[in-house]
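Q: here's my sequence, what's the structure:
(chains A and B)
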Amino acid sequence: MHLADGILNLPTLIGSAAGAAAGLAIGFRQLTPKTLPSAALFAAVFFIVGTLHVPIGIGSVHLILNGLIGLLLGWLAFPVIFVALVLQALLFSFGGFAVLGANLLLLAAPAVVAHYALRSTIVESLHSQRRLMLLGLCAATIGIGGASIIAMTMLWSTGQQELLNLVVLFGVAQLPVWLVDATISALVVAALGRTLPSVFQK
Amino acid sequence: MSHEHRADGRLRVASALLVSLAAAMIRSIDTLLILFLVALIAATVVTTKSKIPLAVLAKRLAVVNFFVLWVWLTIPINWGSFSLSETGIALAVQIALRVNVIALAVSSLLVGMSGIDFARALVALGLPQSLGTLLALSVRALVLLENTRARLEQAMRARGYRSTMSTRTIRVNAQLVACLIVHALVRSERIRLGFIARGYTDLRWPSRQHSHWYSLPVRNWILLISVAVIIVATVTLPIFFNQYDHAPLP
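A: Below you'll find the model as predicted:
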């Protein structure tokens, strides 16, 4: 889920960049020599996951998994997603540099919300696969739902009446993304609970 | 174009940001059209001189124009009455030109720049050192995890897996993601122990420092100055010509 460079106006770009900078500042405070290697590897995972495509109808959707990343990393999701977005913009022209702050805010802010909403529950649910799957589904719903709402608000805040159709289409287009992302997040959280439960206990 | 002949990374990133912000501010379609033509010529010349196939540039443009397609499907058409809106068409043209100007300018200004070069430039422009360290480590981790992913996908194909619209595809992709996360966590633990063994205790980025701004050769500054001049000229020229067109005849 990327907003392309050139669609948002300057006040929206500046406002979202300020929000993203605040999130990054908090994220960097949690970046220590102990957390740095895992943050770097999660940035690489987030980047690679973005290139995985799942066929839907005549097209395909690519995974986002920002809710899952948030569930595992908390505020570190800001620097991790920032790095992945920079690499995507640099290597594939996904997103762009002026809109980097907006894309970071819309992906990382719901990730942090997912972390604080679900993290304590997940530690208590490690014995039940069903509950883990449900929590994975909730993380993806918060991740994709939050990102869609923030993106639609950004498009709406440009104040151009003609963009309203795009806002609606953007929201509708996220439904298959949510469906795939939520199913995969649920299965991944359950698999991690089985194979590496310590990941949720740190 | 060799690495030595390219301008300083900081100035290239600053120029790319300048174009991106300027294009986001410009509303005039005439100005955006001129900028698009200049960016198209610049990107074609730079790509050819860097001995990169033009197909790479075309592929990048195809990626960004996929989004533009959505814009054309939604903004100019009023789906309720199946009519076209003049304001909507103007806005769609504006967005399409803006998106392409930025993509072309960024492609030509940051051509051949690796993730590490970009990280060095960002740190030199004032972003935190820890960001540079994180970006540099992520680029390294990306190569390692891409290899792991390629190995896992090869094993999946060897077992007869084909990506289709089915629950099996979803399950297999979930297992692939879980495997990548487990690999990442195990590897990160090894890297952390390696850091401790080497006495690495802070987040400063052990890279060579950039030279001072004032000691940069003049030809490095020409890039940033040319970008600024082109932007100012394309913004002011249409205003000048419009005034000339509407001036009363003697």
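
Q: mind listing the helices in chain A by residue range?
A: A:10-29, A:36-49, A:66-73, A:77-92, A:100-124, A:129-157, A:164-195, A:198-201 (DSSP state H).

Q: so how far is chain A from B:Ala121?
A: Look at B:Ala121 and chain A: by C-beta to the nearest C-beta, to the nearest Å, they are 11 Å apart. (Glycine included, C-beta is placed from N, CA and C.)

Q: which residues are in contact with stretch B:140-153?
A: For stretch B:140-153, contacts defined as C-beta atoms under 8 Å, 6 or more residues apart in numbering or on different chains pick out A:40-41, A:43-45, A:47-48, A:87, B:115, B:176, B:179-180, B:183-184, B:187.

Q: ok, 7 Å please
A: A:Ala40, A:Leu41, A:Ala44, A:Val45, A:Phe47, A:Ile48, B:Leu176, B:Cys179, B:Leu180, B:His183, B:Ala184, B:Arg187 (C-beta atoms under 7 Å, 6 or more residues apart in numbering or on different chains).

Q: surely the second one touches B:Glu189?
A: No: if you go by C-beta atoms under 7 Å, A:Leu41 and B:Glu189 don't touch, sitting 9.8 Å apart.

Q: excluding covalently adjacent residues, which one is nearest to residue 176?
A: If you meant another chain, say so; for now it's chain A. Excluding the flanking residues, the one nearest A:Pro176 by C-beta to C-beta, 6 or more residues apart in numbering or on different chains is A:Ile56, at 4.9 Å.

Q: nope, chain B
A: Distances taken as C-beta to C-beta, 6+ apart place B:Leu152 nearest to B:Leu176, at 5.8 Å, with adjacent residues excluded.

Q: which residues of the chain score low on pLDDT?
A: Going with chain A. Across chain A, the ranges flagged by pLDDT under 70 are A:93, A:95, A:161-162, A:202.

Q: if you could check chain B rather than the one you did, that'd help
A: Residues of chain B meeting the criterion pLDDT under 70: B:1-7, B:79-80, B:202-211, B:213-215, B:241-250.

Q: now do whichever strand or helix holds B:Ala62: which elements does it pack against?
A: Element membership for B:Ala62 (DSSP states H and E) is helix B:54-74. Judged by 3 or more C-beta pairs under 7 Å, 6 or more residues apart in numbering or on different chains; DSSP states H and E, helix B:54-74 is in contact with helix A:164-195, helix B:29-49, helix B:86-109.

Q: what comes into contact with that helix?
A: Contact with helix B:54-74 is made by A:4, A:92-94, A:165-166, A:169, B:43-44, B:47-48, B:92, B:95-96, B:99-100, B:103, B:107, as judged by C-beta under 7 Å, 6+ apart.

Q: ok so, going back, need the helices and strands packed on helix B:54-74 in TSV with mean neighbour count, can you?
A: Output for these, formatted as TSV (neighbours: other C-beta atoms under 10 Å in any protein chain shown):
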stretch	mean neighbour count
helix A:164-195	20
helix B:29-49	18
helix B:86-109	22
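
Q: got CSV for those, with distance to B:Leu125 too?
A: Shown next, in CSV, are the helices and strands packed on helix B:54-74 (distance: least, C-beta to C-beta, whole Å):
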stretch, distance to B:Leu125
helix A:164-195, 32
helix B:29-49, 22
helix B:86-109, 14
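
Q: do you know which of these lies nearest B:Phe240?
A: Evaluated over those, closeness to B:Phe240 peaks at helix B:29-49, with 11.5 Å, by C-beta to C-beta.

Q: show me what that closest one is packed up against.
A: By 3+ C-beta pairs under 7 Å, 6+ apart, helix B:29-49 packs against helix B:54-74, helix B:86-109, helix B:218-245.

Q: how far away from the center of its chain is that helix?
A: From the chain centre to the centre of helix B:29-49 is a distance of 16 Å (C-alpha atoms, centre = their mean, to the nearest Å).

Q: alpha carbons of it, as CSV, please.
A: C-alpha atoms of helix B:29-49 as CSV (Å, rounded to 0.1, in the frame of the first residue of the first chain):
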residue,chain,number,x,y,z
ILE,B,29,-0.1,22.1,-16.3
ASP,B,30,2.2,24.1,-18.7
THR,B,31,4.9,24.2,-16.1
LEU,B,32,4.6,20.5,-15.3
LEU,B,33,4.6,19.6,-19.1
ILE,B,34,7.9,21.5,-19.6
LEU,B,35,9.4,19.9,-16.5
PHE,B,36,8.2,16.5,-17.8
LEU,B,37,10.0,17.0,-21.1
VAL,B,38,13.2,18.1,-19.4
ALA,B,39,13.1,15.2,-17.0
LEU,B,40,12.4,12.7,-19.8
ILE,B,41,15.4,14.0,-21.8
ALA,B,42,17.6,14.0,-18.7
ALA,B,43,16.6,10.5,-17.7
THR,B,44,17.1,9.1,-21.2
VAL,B,45,20.6,10.7,-21.5
VAL,B,46,21.7,9.6,-18.0
THR,B,47,20.4,6.1,-18.4
THR,B,48,22.1,5.7,-21.8
LYS,B,49,25.4,7.2,-20.5
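
Q: state the distance from the most centrally placed residue in chain B to B:Leu122.
A: Residue closest to the mean C-alpha point of chain B, counted by C-alpha atoms, centre = their mean, is B:Val106 at 5.7 Å. In this structure, B:Val106 lies at 14 Å from B:Leu122, with C-beta to C-beta, to the nearest Å as the measure.

Q: ditto for A:Leu196
A: Going from A:Leu196 to B:Leu122 by C-beta to C-beta gives 33 Å.

Q: between these two, point out the one with more neighbours.
A: Legend: neighbour count by other C-beta atoms under 10 Å in any protein chain shown for A:Leu196 and B:Leu122, higher for B:Leu122 (18 against 15).

Q: for that one, give me its contacts.
A: By C-beta under 7 Å, 6+ apart, the contact list for B:Leu122 reads B:Val13, B:Leu131, B:Gly132.

Q: wait, the last one sits on B:Leu125?
A: No: under the criterion of C-beta under 7 Å, B:Gly132 lies out of contact with B:Leu125, with a separation of 10.7 Å.

Q: next, count neighbours for residue 55.
A: Going with chain A. 15.

Q: that's the other chain; I wanted chain B
A: Residues contacting B:Ala55 under the criterion other C-beta under 10 Å number 10.

Q: circling back to that earlier point, got the buried residues for the helix holding B:Ala62?
A: Neighbour counts over helix B:54-74 (16 or more other C-beta atoms under 10 Å in any protein chain shown) mark B:Leu57, B:Arg60, B:Leu61, B:Val64, B:Asn65, B:Phe67, B:Val68, B:Val71, B:Trp72, B:Thr74 as buried.

Q: thank you, goodbye.
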